[in-house]
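Visitor: need a structure here:
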Amino acid sequence: MNYFHRQVQLWGEETQSLLQNKKIAIVGSGGLGSSLSFALGASGIGEIHMIDFDEVSLHNIHRQIAFKIGDEGKNKALINCELIEQRCPYVKAIAHECSFEEFTKKNVDVDLIIDATDNLPTRAEIDTYTKTKNTPWIYGSVEAFHGQVCFFDESSFADAFKISTQTPAGIAAPIVMHIASLQANLALRFLAGLSVKKDYLYYLFFNEEGELNTQKFGLPK
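Guide: Residues are numbered from 1 along each chain as shown. Presented below is the predicted three-dimensional model:
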């Protein structure tokens, strides 16, 4: 409990011990996934599954904080898992060097799935899969200087978004960490048994004057 002292001050030893029995899956180990692994990897969650078939490229490193020069060609999920266990030996991190579709065939049961992908079709797959497993998931996306977050429970992702293969535009590194932080906060609150606003989309963006704006939308169930 000394390692988690400040969290224990927040919610007590009983809740901290509860986290040790929780399992999550993070789909994608790049920008959002790297920040999520830092934010959640040292929180005391019992088991974290990192899923990514992709390898580190030079152009990834500026916004994917788990990686450094020299990591090019290494699997992203493996690097994130190594960092999680180096920083917190009380958490078991498992790398899956595969697509999300392949991961679902492994029948790994988790309490929560967190989206850290960069495309709409995979998010639609996550939504379909979680509905069959009765498992909630947290959506997150970033582009340019804006991002979106939603804790999906009963709402349908396909009903809320038009599914396309559109490639995101340029991305500023800080907004990636900001959106991942919001996802991580929702995840920790849920896993710790605290209240979470579900099926509610948060849209955050900087306008042309550099002012941060937040809009909230209730999604149909």
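Visitor: Who are the packing partners of the helix or strand hosting Val8?
Guide: Val8 is located in helix 5-19, with elements delineated by DSSP states H and E. Contacting helix 5-19 under the criterion 3 or more C-beta pairs under 8 Å, 6 or more residues apart in numbering; DSSP states H and E is no other helix or strand. C-betas here are computed from N, CA, C, even on glycine.
Visitor: Just give me how far that helix sits from the chain centre.
Guide: Between the centre of helix 5-19 and the centre of its chain there are 21 Å (C-alpha atoms, centre = their mean, to the nearest Å).
Visitor: same check, this time on stretch 178-198
Guide: Worked out by C-alpha atoms, centre = their mean, stretch 178-198 lies 10 Å from the chain centre.
Visitor: Give me the contact list for that stretch.
Guide: With C-beta atoms under 8 Å, 6 or more residues apart in numbering as the test, stretch 178-198 has contacts from 11, 15, 18-19, 22, 24, 31-32, 34-36, 39-40, 43, 45, 111-112, 114-116, 136, 138, 140-142, 147-149, 151-154, 202, 204.
Visitor: Show the contacting residues for the residue positioned nearest the centre of the chain.
Guide: Nearest residue to the geometric centre of the chain (C-alpha atoms, centre = their mean): Ile114, 4.0 Å. Neighbouring residues of Ile114 by C-beta under 8 Å, 6+ apart: Ile24, Ala25, Ile26, Val27, Leu36, Trp137, Ile138, Gly140, Gln183, Ala187.
Visitor: Just these: which are in strands?
Guide: Ile24, Ala25, Ile26, Val27, Trp137, Ile138, Gly140 (DSSP state E).
Visitor: Phi and psi next, for the residue lying closest to the first one once chain neighbours are set aside.
Guide: Nearest residue to Ile24 in three dimensions, chain neighbours excluded: Leu112, at 4.8 Å (C-beta to C-beta, 6 or more residues apart in numbering). With angles defined as degrees, to the nearest 10, Leu112 sits at phi -160, psi 140.
Visitor: Report pLDDT for Leu112.
Guide: Leu112 is assigned a predicted lDDT (pLDDT) of 98.
Visitor: For it, list the residues it contacts.
Guide: Leu112 neighbours (C-beta under 8 Å, 6+ apart): Lys22, Ile24, Ala25, Thr135, Pro136, Trp137, Ile138, Ala187, Phe190, Leu191.
Visitor: What strand or helix carries the spatially closest residue to Ile48 that is not a sequence neighbour?
Guide: Closest residue to Ile48 apart from its sequence neighbours, by C-beta to C-beta, 6+ apart: Ala93 at 5.0 Å. If you go by DSSP H and E, Ala93 is part of strand 92-96.
Visitor: ok, the nearest residue to Ile84 once chain neighbours are set aside to Tyr90 distance?
Guide: Excluding its sequence neighbours, the residue lying closest to Ile84 (C-beta to C-beta, 6+ apart) is Gly41, at 3.5 Å. In this structure, Gly41 and Tyr90 are 10 Å apart, going by C-beta to C-beta, to the nearest Å.
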